[in-house]
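J.: A structural model of the following input is requested.
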Amino acid sequence: MSASHPAPAPLQRVVLAVDCMGGDHGPAVTLPACRAFLERHPQAELRLVGSAEALAPVAGWARCTPVLATEVVTMDDPVEVALRRKRDSSMRLAISQLRPADRAEAPAADACVSAGNTGALMALARYLLKTMDGIDRPAIATVLPNRRGGFTTVLDLGANVDCSPEHLLQFAILGSALVAAVEGREEPTVGLLNIGAEAIKGSETIKAAGELLRAADAAGQIRFHGNVEGNDIFAGTTDIVVCDGFVGNVLLKASEGLAAMLSDFIREEFTRSVFTKLAALVALPVLRHFKRRVDPRGYNGAALLGLRGLVFKSHGSADAYAFEHALARAYDAARNRVLDRVHDRIAPALRPSAAADAPAA
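T.: Just a heads-up that it's a prediction; the model follows:
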């Protein structure tokens, strides 16, 4: 790549706003996760948003500020209910912590985490925070484990069912900024998910996106590897894989289902015959390591990229272990200034010059 993207200095103090009421389990999961997170991250502060009753146990916690809410966005609430009726919901107030104009009594938080209704979270985040200049639509990004011992970042995972070639280019730039910030790879590779590696394959949208990504690579804006297939995600062929939200969501749910099946298989091996029990015991260290690698809880926490604030979505059914991972992902992204990284990359990559926009004389 010809362009350089110098890394901004990490934040010394990170403030996370947490929707403690969201998800299938609410405070029973979020509060223990927050407590464990604080013990492991001495440079973090939390603003815990929820009802007075739910937040009563946090009285006296160090580096915690309660923010009281009187309403909760349920997992079944339609988007319009979250937007127009529940104006004092924990989800809305948690996101609003990212808005400096709303924080006369305290600085804005650096990131927000919620396990609540995905559609409502995306709608509220777009309404309250707006998208960054140069970004048409925000995208949901998360990581999946690969055979190289690391992770592959995939986006979009469901925010945008139908995408134009320009949207896929924007996703590539957003993903590049995220990986550069969190994983320290200044030139992460990008793959375009397709039905084959050849440039002539795929739909017209995918072909056009490939052309845009190749042009962006030539301009030094991203490092485009080319088309990749589904197996390349878990092989670790590229650092980032971009796709539309329909394909990405199916991919995510299928990988979670496969991980659950493998976990069940490992557990069942200890309940079979004496021979399989002995074999399983011999292989126990390997099996445990493998189970940790494919456990979806270990890579919980999807970023809503492209907004004027950092919002992270935890799986709704997350337990305390998984929710703590979502908090850690939000912390890493905020501490390493993902928003600044995105701005630095999209400014030259996505905004046409005034001369290019001007009509011909």
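J.: could you use CA atoms for every contact and neighbour count after this?
T.: Will do.
J.: and the strands in the stretch 151-300 of the chain, which stretches?
T.: For the stretch 151-300 of the chain, the strands defined by DSSP state E, counting those that start in this stretch cover 151-155, 189-193, 223-228, 240-242.
J.: can I get these in JSON lines with mean pLDDT?
T.: Below are those laid out as JSON lines (pLDDT from 0 to 100):
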{"stretch": "strand 151-155", "mean pLDDT": "95"}
{"stretch": "strand 189-193", "mean pLDDT": "98"}
{"stretch": "strand 223-228", "mean pLDDT": "97"}
{"stretch": "strand 240-242", "mean pLDDT": "98"}
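J.: got the ones you listed as JSON lines, with mean neighbour count and distance to Tyr299 columns?
T.: Listed next are the strands of the stretch 151-300 of the chain as JSON lines, based on neighbours: other C-alpha atoms under 10 Å; distance: least, C-alpha to C-alpha, whole Å:
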{"stretch": "strand 151-155", "mean neighbour count": "25", "distance to Tyr299": "9"}
{"stretch": "strand 189-193", "mean neighbour count": "26", "distance to Tyr299": "20"}
{"stretch": "strand 223-228", "mean neighbour count": "22", "distance to Tyr299": "22"}
{"stretch": "strand 240-242", "mean neighbour count": "30", "distance to Tyr299": "15"}
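J.: so which of these is nearest Ala328?
T.: Closest approach to Ala328 among those (C-alpha to C-alpha): strand 151-155, 15.4 Å.
J.: dump that closest one to CSV, keeping only the CA atoms.
T.: The C-alpha trace of strand 151-155 is given here as CSV (Å, rounded to 0.1, in the frame of the first residue of the first chain):
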residue,chain,number,x,y,z
PHE,A,151,-9.3,-14.5,13.9
THR,A,152,-10.9,-13.4,10.6
THR,A,153,-13.0,-10.3,10.8
VAL,A,154,-16.2,-10.6,8.8
LEU,A,155,-18.7,-7.9,7.8
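J.: what helices and strands are in contact with it?
T.: The helices and strands touching strand 151-155, judged by 3 or more C-alpha pairs under 8 Å, 6 or more residues apart in numbering; DSSP states H and E, are strand 139-145, helix 165-183, strand 240-242, helix 245-268.
J.: buried deepest among those, which one?
T.: Of the helices and strands packed on strand 151-155, the one with the most neighbours on average (mean count of other C-alpha atoms under 10 Å) is strand 240-242, at a mean of 30.
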